[in-house]
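Asks: With the input below, show me the fold.
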Amino acid sequence: MTRTESAEQQTIFEWSRLNYAKYPELEYLFFAVPNGGSRHKLEAYSLKRQGVKSGISDMTLQVARGGYHGLWIELKVGKNRASENQEKFINEIKKQGYYAEVIWGAENAIDLIKKYLDGKLKNIVAQV
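Replies: Model prediction:
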């Protein structure tokens, strides 16, 4: 049985809640961006007028580490691929000094978050 992106993301946030003691930043500075999903046309229209934009990554950790301003994660499962708008967002946010990546599955996302918070991802450009 293939897990869904929703189930994988729930696993990531369950892990984060269990790790507030080790990584206190996770409690308030790690959150999901609820941009995706199916919506009624009227609701989608209203959200778009409120500033919801296509392509914004699924999760963000607004903590500076290793020369980066923060972390953005676009979560995928199975054979899913990032959309053109998702790739554009990732490229633009990287230009602003954030670490951003498309990640497949909860386990890989959790590994990335731990490496980021432990300062194991260094921004060579920012260090020059």
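Asks: can you list the residues that contact stretch 29-43?
Replies: Residues outside stretch 29-43 that contact it (C-beta atoms under 8 Å, 6 or more residues apart in numbering) are 9, 13, 16, 47, 52-63, 113. Using the backbone N, CA and C atoms, a C-beta is placed for each residue, glycine as well.
Asks: Please work out the average pLDDT along that stretch.
Replies: Stretch 29-43 shows an average pLDDT of 80 in the prediction.
Asks: Surely residue 101 is in a strand?
Replies: Yes: judged by DSSP: H, G, I helix; E, B strand; the rest coil, residue 101 forms part of a strand.
Asks: Tell me the spacing between it and residue 74.
Replies: For residue 101, the distance to residue 74 equals 7 Å [C-beta to C-beta, to the nearest Å].
Asks: again with residue 119
Replies: Separation of residue 119 from residue 74 (C-beta to C-beta): 22 Å.
Asks: just residue 54 next, same as before
Replies: Distance of residue 54 to residue 74, given as C-beta to C-beta: 12 Å.
Asks: Can you pick out the residue with more neighbours from those two?
Replies: Neighbours were counted for residue 54 and for residue 74 using other C-beta atoms under 10 Å; residue 74 has more, 22 against 13.
Asks: Does the more buried one belong to a helix, a strand or coil?
Replies: Quick answer, by three-state DSSP: residue 74 is strand.
Asks: wait, isn't residue 89 in contact with residue 60?
Replies: No: with contact defined as C-beta atoms under 8 Å, residue 89 does not reach residue 60; the gap is 11.1 Å.
Asks: Between the two, which contacts overlap?
Replies: In contact with both residue 89 and residue 60: residue 72, using C-beta under 8 Å, 6+ apart.
Asks: buried sites along stretch 35-55?
Replies: By 16 or more other C-beta atoms under 10 Å, the buried positions in stretch 35-55 come out as residue 55.
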